[in-house]
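Q: just the structure for this:
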Amino acid sequence: MNRHQLPIGIQNFRRIREKGCYYVDKTVHVRRLVDMGDFYFLSRPRRFGKSLLVDTLRELFEGNEPLFRGLDIHDHWDWSVRHPVVRLSFGGKYDELGNLHGNIISQLTMIEQNAGLDPPAVGCTGPDRLQNLLHGLHRATGRQVVVVDEYDKPILDVIDKPEMARANRDYLRGFYGIIKDSAEHVRFVFVTGVSMFSRVSLFSGLNNLRNISLDPGFATICGYTDTDLDTVFAPELSGLDRDEIRAWYNGYHWLGEEKLYNPFDLLLLFQTRNFEAHWFETGSPTFLFRMMMEREVSPMELEHRSTEARQLSKFDVGNIGIDALLFQTGYLTITGEERRGPRTLYTLDYPNFEVRQSLSDGLLEYLTGPENDVANQGDELGRLLADNDFADRMRSFFAGIPYQWQRTNGPARYKAWYAGVLYACFRTIGLDIRVEDSSSRGRADMVVLHGGQVFVLRVQVQGGRRRRWKGCGRPTGHRTGPGKRLCRQIPRPGRVDPPDRRGLQPGQRSGDSEGGPRLSGGISEGSGHDACAEPPASVSGKAWGARPSGEFSNACLPDTRTFRDPTNPCPARSMVAGFSVIAP
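A: As a prediction, the model looks like this:
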């Protein structure tokens, strides 16, 4: 098998074909597009081949027949008919006022000059120039084709600056509206980008676009399939584990029959021969992390996430749905579909190992700061986890993590936040984790399989009221003072409670087969401290030798170690964790 040049970073169809690079034939989809309609819209994550598809359309309608020899569409196209193509691409910078207008005028001027059209009157706006161009091209050469690449970049570049984002959106709304008003001059329109902005907000003037983003018939119009790897890229597979390739990079799904690979990932893998986060490292999801913090979305909530179909297109300036953002940018993909009456529900999940691990790693770095080496700490945590001695290292993960959730939310969100951070810690080092794993004995918040052992983690809220009682240090349950008020004392940090009057050790429930001394953390209602409004969370972990999922015991275990969250200024809402091990 002959090897060819890898088209890394090449988005020009002519260059790929003339240089003999690997090329996955997408013209079968292009032929169906042209046969079925005239106006289309496609959303796909970055680096997924959208720009190459747009350039393929340009070369096809311009009638460059030699480039398509050997491809599906070659024998199904009338090469005697040519159409002028207006290609617009918004790959510049748009973080200052006037950038968008200047970019559009520059692109239109170049198209006018190449077509030999007279320049318009001085002072024409972008929409006016586009209208004059479409009319002039039709008179001179016939109906034209309009293709728009990265249509949403002028908005996404300033999405964290709402006023400028709205200004760019409103400008583009009027600009794209000209295309519909000039429909009699246009043969075919194709618009592509990352996001699916509301038609009302951006495409109100171009509402005849057919959105094929979730059309099963066009699910593979961008990206590579397993079949493509085994045929087109077969010479590159030598020495690479096929199952590992699939686990790392496969999994994107837009309701078609096959799951897809991001082309950029595979091309870099074939070049470097290393399994790395090639695609993830080309972007910066800081805006996503900030939105997750603002909307209190725990990393654990990203797995098996259920959402309505309409939520996946809820995307507008100042009204961006977290599900839409995660899905459209490629950090989550569709893994299930269910009809409930008139509603369609989708299940979202990470597409593959690269995204799952990298997103967790990026979130931890965002929370703890770039100066903290998350990867090295994670590796050490993994080693300590195998030895059941990782409480100290866990403290360093929590150091510097914001505590806004702890101050402003109820115990349920407080619990979810700490569980999410624990989840991200384990995910970033690639551990096998099961979230909310159910068995006949109950449900665990998190199950971690590592080092031949199974760690079952349960996050719970305990202790603490607003009242301030003066404690006496005596066992829980006795009467205090003349008022005979019941002293319900919670153990102080680092203190081993004495047995209660029933003869049970702290940490042992009535009926438990095993019990023992337990170092507890929390705030005593009789300690002289002011308790916060919400009680503290604790994570209790129990570890067994590797057993099949669902065979976990609920018995209290001995030798439990605890630690506090050092970043929490509220003493009544401290992070306390205990982990116990029973040998296999």
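Q: the longest helix in the chain is where?
A: Using DSSP state H, we find that the single longest helix of the chain is helix 162-181.
Q: could you dump it to CSV, C-alpha only?
A: What follows is helix 162-181, C-alpha atoms only, in CSV (Å, rounded to 0.1, in the frame of the first residue of the first chain):
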residue,chain,number,x,y,z
PRO,A,162,-22.3,41.4,25.0
GLU,A,163,-22.6,44.9,23.6
MET,A,164,-20.0,44.3,20.8
ALA,A,165,-21.4,40.8,20.2
ARG,A,166,-24.9,42.2,19.7
ALA,A,167,-23.5,44.9,17.4
ASN,A,168,-21.8,42.4,15.2
ARG,A,169,-24.8,40.1,15.3
ASP,A,170,-27.1,42.9,14.1
TYR,A,171,-24.7,43.9,11.4
LEU,A,172,-24.6,40.3,10.1
ARG,A,173,-28.4,39.9,10.3
GLY,A,174,-28.8,42.7,7.7
PHE,A,175,-25.9,41.4,5.6
TYR,A,176,-27.2,37.9,5.4
GLY,A,177,-30.7,39.1,4.8
ILE,A,178,-29.5,40.5,1.4
ILE,A,179,-28.9,36.9,0.2
LYS,A,180,-32.6,36.0,0.6
ASP,A,181,-33.7,39.3,-1.0
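Q: and it, average pLDDT?
A: Summarised as a single mean, pLDDT over helix 162-181 is 90.
Q: quick one: mean pLDDT for the helix or strand that it is followed by?
A: Once helix 162-181 ends, the next helix or strand along the chain (criterion: DSSP states H and E) is strand 186-193. For strand 186-193, the mean pLDDT works out to 95.
Q: cool, and stretch 80-88?
A: Mean pLDDT, stretch 80-88: 95.
Q: quick one: buried residues of it?
A: 83-88 (16 or more other C-beta atoms under 10 Å). Heads up, the C-betas are built off the backbone N, CA and C, glycines and all.
Q: worst mean pLDDT across the helices and strands of this protein, which element?
A: Lowest by mean pLDDT, DSSP states H and E among the helices and strands of the chain is strand 519-520, with a mean of 25.
Q: burial check on Asn25, number of neighbours?
A: Not Asn; residue 25 is Asp. 15 (other C-beta atoms under 10 Å).
Q: quick check: it is in a strand.
A: No - remark: Asp25 does not belong to a strand; assigned using DSSP: H, G, I helix; E, B strand; the rest coil, it is coil.
Q: surely it meets His74?
A: No - counting by C-beta atoms under 8 Å, Asp25 does not reach His74; the two are 10.0 Å apart.
Q: any idea where the helices of the stretch 151-300 of the chain begin and end?
A: With helices called from DSSP state H, counting those that start in this stretch, the stretch 151-300 of the chain shows them at 153-156, 162-181, 226-231, 242-249, 263-272, 286-294.
Q: dump those to JSON lines, plus mean neighbour count and distance to Arg343.
A: As requested, these are arranged in JSON lines below (neighbours: other C-beta atoms under 10 Å; distance: least, C-beta to C-beta, whole Å):
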{"stretch": "helix 153-156", "mean neighbour count": "23", "distance to Arg343": "29"}
{"stretch": "helix 162-181", "mean neighbour count": "19", "distance to Arg343": "29"}
{"stretch": "helix 226-231", "mean neighbour count": "15", "distance to Arg343": "32"}
{"stretch": "helix 242-249", "mean neighbour count": "16", "distance to Arg343": "32"}
{"stretch": "helix 263-272", "mean neighbour count": "20", "distance to Arg343": "34"}
{"stretch": "helix 286-294", "mean neighbour count": "16", "distance to Arg343": "25"}
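Q: flag the shaky bits of the stretch 301-450 of the chain, pLDDT-wise.
A: Within the stretch 301-450 of the chain, the ranges that satisfy pLDDT under 70 run 368-382, 384-418, 436-444.
Q: ok, 90 please
A: Judged by pLDDT under 90, the stretch 301-450 of the chain has its weakly predicted residues at 301, 303, 313-321, 360-450.
Q: just the helices in it please.
A: Using DSSP H, counting those that start in this stretch, helices in the stretch 301-450 of the chain cover 322-328, 353-368, 374-386, 391-398, 404-408, 411-428.
Q: burial measure for Thr125, as a count.
A: The number of residues packed near Thr125 is 14, by other C-beta under 10 Å.
Q: contacting residues for it?
A: Shown in contact with Thr125 (C-beta atoms under 8 Å, 6 or more residues apart in numbering): His101.
Q: the same query, at a cut-off of 10 Å, please.
A: Applying C-beta atoms under 10 Å, 6 or more residues apart in numbering, we find Thr125 in contact with 101, 104-105, 131, 171, 174-175.
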